[in-house]
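**Q** Sequence plus the predicted model coming up.
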Amino acid sequence: MAAGTAAAAAAIWTTVPSSVLANAETIGILRGLLIASWVAAGAYMWSERPESRLGLLLAGAGLVYALTSLMASSDQLTYTAGRIALAAFVVFFAYVYLCFPGDRVVADLNRRFITGFALASVAVWPFVLAFSDRLPEGGALNACSDPCPANALRVASVSDRISDSLNAIVGVVTTVGLLGTAALLVSNARSPARLRRRAVEPVVFAYAILVVSYLANAIGDLSGGALDAAQVAAATGAFLTPVAMLAGQARARSYASVAAGQLVTRGQAERMTRARLQEWLRDALGDPTLEVAFWDRLRLGFVDIDGNLIEWADASPGRAVTPVNNNGRPFAVIAHSASLQEANDVVDGLAQTALILLENARLVDELRASRARIVASADQERHRLERDLHDGAQQRLVALTIDLGLASERIDQDPGAAKELILEGQAQAREALAEIRQLVRGIAPAILLDRGLVPALDSIIGRGPVRTTLASELAPGARFSPAVERAAYFVVSEALANVAKHSNAKGCEIRLRLEEQPSRRLIAEVRDDGHGGAQIEPEGGLAGLASRVAAVDGTFSVSSPAGGPTLVRAEIPLA
């Protein structure tokens, strides 16, 4: 970087004629182009990212610089106003540089420095304006008429020595401010966060040209005259500023795109886990302190990569927090170095890419687990049906066959005994039919198929030991697709069975309603006043309900703090 700066300065020194800034018309044209470039670049940045103030700050700096054109006037008051505008511009200029690539100064050291620079300027300039006959001259493109007009705001006459000393103090404050800003920019460019380095490096290059040219011009003033090449270099650095900022933003976006592509490639080669996601984000952003917390919808809080509940209300000093949402809902939170806060959109983009990979891995795992549960559930259900048929209806039908055979043998010899056997066979047939109906009801009750969800749920209320009420906000006779109605029915019926078995509840309420936003869906809730503590275990019944709801693209959740109440909730899309 230093070599590049030296080469640029040497090229400017050897190729630019010494008289290029001597013509007032040329200076006016260059100043207008400079102002236009700053305002145009700022407007473009703002149009690209209206949520960021950086574009407005850059355009504002151009407008403030426009006020320095008043220094070209031969009128004392107008010239003085232009010189004050230049003093304000220098501080504002440093502030914009320290903000980049964000829209505010983030680091505490940078904030203290720019505040000190501004306060020092505010402290010294009132004395200069009150006592100096001649104000400090401006830099490149800010030359005044020769000779420069006198200070229009002077209130008392002092010796030339005091006036020169005050002007020298202004020069020292400006030099310290510019050099301090340069040091902070170099520090930012050496940040361990690679994303920030790539954004800041072009800006450091442009600023280095400005600082070198300012120092060369100051040395030239002390030796008896400004250096034309130094003034040209300063103008070149000013023109490069918006270009460097746009280039820095482009470099950051390019780096983010490459990093995102690498994440996708690695995600295809290796199975994504929460720990690996955090490791990859640390590597991509160059922040070894980065931590990721994930939203746990069952515990209604954020958990770390080990599944422990944590609280991240505010970031600690030097740290920043970037939330990551999915369809307006919290998905994760990333705690990282405050330097990355200046590129929140890039951090969010990389995080979204990584979280998509993690979500894909989770969905694959859930699909495999769901398939395993479905197979196991189907086997269990088949065995249950086989057992129930064997122990119940099958034996009764066998007994019926025997009774009918005996009755046929005795119908001629002993009609009374045959009649008793036939009556007993009828009883066996009725009991077998009842058991078969009970088995069919466990698969899909006829009332659910014939009359719908609300009547089917009405039919099971009151069977268990817990007092249960049904509050339905559905329209009378409302019907949904068979898959939706079956999913809602079994969620409620299984939840009621769990309430009766495990909760020691005295009361239970079923609620049904429709929600239209963000998409039309059926909400089924079962709330009991039991002791709570219910959890979704991998092989438990609640996990089976979650799989059943997921099969129709719905979401299933359980809120059951210790001491209750317990809320089982299913959201089933109607589309």
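**A** Okay, I see it.
**Q** Helix or strand: which one has residue 518?
**A** Under DSSP states H and E, no helix or strand contains residue 518.
**Q** Pull the number of nearby residues for it.
**A** 9 (other Cβ atoms under 10 Å). All C-beta spots, glycine's among them, are computed from the backbone N, C-alpha and C.
**Q** That one and residue 173: what is the separation?
**A** The span separating residue 518 from residue 173 equals 56 Å under the rule Cβ to Cβ, to the nearest Å.
**Q** ditto for residue 122
**A** 10 Å.
**Q** Checking my notes, residue 407 in a helix, right?
**A** Yes. Counting by DSSP: H, G, I helix; E, B strand; the rest coil, residue 407 is found in a helix.
**Q** Let's check: the centremost residue of the chain is which one?
**A** residue 324 (2.7 Å; Cα atoms, centre = their mean).
**Q** Relative to the helix or strand in which that one is found, what are the paired strands and their orientations?
**A** Per DSSP H and E, residue 324 falls inside strand 319-326. Paired strands of strand 319-326, with direction, are strand 329-337 (antiparallel) (DSSP bridges).
**Q** buried ones in the strand it pairs with?
**A** Judged by neighbour count (16 or more other Cβ atoms under 10 Å), strand 329-337 contains these buried residues: 331-337.
**Q** So for that strand, mean pLDDT?
**A** Looking at strand 329-337 alone, the average pLDDT works out to 73.
**Q** Alpha carbons of that strand, in CSV - could you do that?
**A** Taking Å, rounded to 0.1, in the frame of the first residue of the first chain, the C-alpha atoms of strand 329-337 are listed here in CSV:
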residue,chain,number,x,y,z
ARG,A,329,-39.8,-14.8,12.7
PRO,A,330,-36.7,-15.1,14.8
PHE,A,331,-34.3,-17.8,13.6
ALA,A,332,-30.9,-17.0,15.1
VAL,A,333,-28.8,-14.3,16.6
ILE,A,334,-25.1,-13.7,15.8
ALA,A,335,-22.8,-11.9,18.3
HIS,A,336,-19.6,-10.6,16.6
SER,A,337,-17.0,-7.9,16.7
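**Q** next one: it to chain centre, how far?
**A** 6 Å (Cα atoms, centre = their mean, to the nearest Å).
**Q** got it, and stretch 162-181?
**A** Centroid separation for stretch 162-181 versus its chain: 44 Å, with Cα atoms, centre = their mean.
**Q** Report how many residues lie close to residue 41.
**A** 20.
**Q** try residue 29
**A** The local packing of residue 29 (other Cβ under 10 Å) involves 11 other residues.
**Q** List the buried residues of the helix or strand where it lies.
**A** Counting by DSSP H and E, the element that carries residue 29 is helix 24-48. Across helix 24-48, burial judged by 16+ other Cβ under 10 Å covers 27, 30-31, 34-35, 37-39, 41-42, 45-46.
**Q** try stretch 99-110
**A** Going by 16+ other Cβ under 10 Å, stretch 99-110 has these buried residues: 99-103, 105-107, 110.
**Q** Can you pick out the ones from those residues that are in helices?
**A** Residues of those located in helices (DSSP state H): 99, 110.
**Q** and the least confident of the buried residues of stretch 99-110?
**A** Ranking the buried residues of stretch 99-110 by pLDDT, residue 106 lands last with 73.
**Q** State the distance from that residue to residue 128.
**A** 32 Å.
**Q** do residue 550 as well
**A** 73 Å.
**Q** the more surrounded of the two?
**A** Using other Cβ under 10 Å, the more surrounded residue of residue 550 and residue 128 is residue 128, with 22 against 16.
**Q** give the contact list for that one.
**A** Shown in contact with residue 128 (Cβ atoms under 8 Å, 6 or more residues apart in numbering): 135-136, 151, 166-167, 169-170.
**Q** got a pLDDT number for the closest residue to residue 307 other than its chain neighbours?
**A** Using Cβ to Cβ, 6 or more residues apart in numbering and skipping residues adjacent in sequence, the residue nearest residue 307 is residue 296, 8.0 Å away. Looking at residue 296, its pLDDT is 73.
**Q** what pairs with residue 296 across the strands?
**A** Where residue 296 sits in a bridge, its partners, by DSSP bridges, are residue 301.
**Q** Look up how far residue 304 lies from it.
**A** For residue 296 relative to residue 304 (Cβ to Cβ), the value is 10 Å.
**Q** Of those two, which one has the most company?
**A** Shown here are residue 296 and residue 304; by other Cβ under 10 Å, residue 304 has more neighbours (16 against 12).
**Q** residue contacts, residue 562?
**A** Applying Cβ under 8 Å, 6+ apart, the residues near residue 562 are 531-533.
**Q** Phi and psi next, for the residue of the chain positioned farthest from its centre.
**A** Here the chain reaches farthest from its C-alpha mean at residue 413, the gap being 89.5 Å by Cα atoms, centre = their mean. Note on residue 413: its backbone torsions stand at phi -80, psi -40 [degrees, to the nearest 10].
**Q** neighbours of the nearest residue to residue 93 once chain neighbours are set aside, just the number please.
**A** Of all residues not flanking residue 93 in the chain, residue 61 sits nearest, at 5.9 Å (Cβ to Cβ, 6+ apart). Per other Cβ under 10 Å, the neighbour tally for residue 61 reads 22.
**Q** Surely residue 61 is in contact with residue 38?
**A** Yes. Counting by Cβ atoms under 8 Å, residue 61 does reach residue 38; the two are 5.9 Å apart.
**Q** so where is the stretch 301-450 of the chain shaky, pLDDT-wise?
**A** 312-319, 326-329, 337-355, 357-394, 396, 434-445 (pLDDT under 70).
**Q** Please report how far residue 128 lies from residue 416.
**A** For residue 128 relative to residue 416 (Cβ to Cβ), the value is 132 Å.
**Q** swap in residue 563?
**A** From residue 563 over to residue 416 (counting by Cβ to Cβ), the distance is 66 Å.
**Q** do residue 432 as well
**A** Taken as Cβ to Cβ, the span from residue 432 to residue 416 is 25 Å.
**Q** before we move on, what about residue 102?
**A** Taking Cβ to Cβ, one finds residue 102 at 101 Å from residue 416.
**Q** With residue 46 instead?
**A** Using Cβ to Cβ, we find residue 46 at a distance of 103 Å from residue 416.
**Q** just residue 160 next, same as before
**A** Residue 160 is 146 Å from residue 416, by Cβ to Cβ.
**Q** Any buried residues in stretch 61-76, and which?
**A** Judged by neighbour count (16+ other Cβ under 10 Å), stretch 61-76 contains these buried residues: 61-62, 64-73.
**Q** quick one: which of those residues is nearest to residue 184?
**A** Of all the buried residues of stretch 61-76, residue 184 sits closest to residue 61, with 17.6 Å by Cβ to Cβ.
**Q** Validate this expectation: that closest one resides in a strand.
**A** No. The assignment for residue 61 (three-state DSSP) gives helix, which keeps it out of a strand.
**Q** Which elements pack onto the helix or strand hosting residue 215?
**A** Assigned by DSSP H and E, residue 215 belongs to helix 194-222. Helix 194-222 sits against helix 2-15, helix 160-189, helix 228-269, helix 274-285, with contacts defined as 3 or more Cβ pairs under 8 Å, 6 or more residues apart in numbering; DSSP states H and E.
**Q** secondary structure class for residue 90?
**A** Going by three-state DSSP: residue 90 is helix.
**Q** Just the pLDDT at it, thanks.
**A** So residue 90 comes in at 91 (pLDDT).
**Q** ditto for residue 509
**A** Reported pLDDT for residue 509: 91.
**Q** burial count for it?
**A** Residues near residue 509, counting by other Cβ under 10 Å: 16.
**Q** cool, residue 50 as well?
**A** Residue 50 has 10 nearby residues by other Cβ under 10 Å.
**Q** where's it, which helix or strand?
**A** Applying DSSP H and E, one finds residue 50 in no helix or strand.
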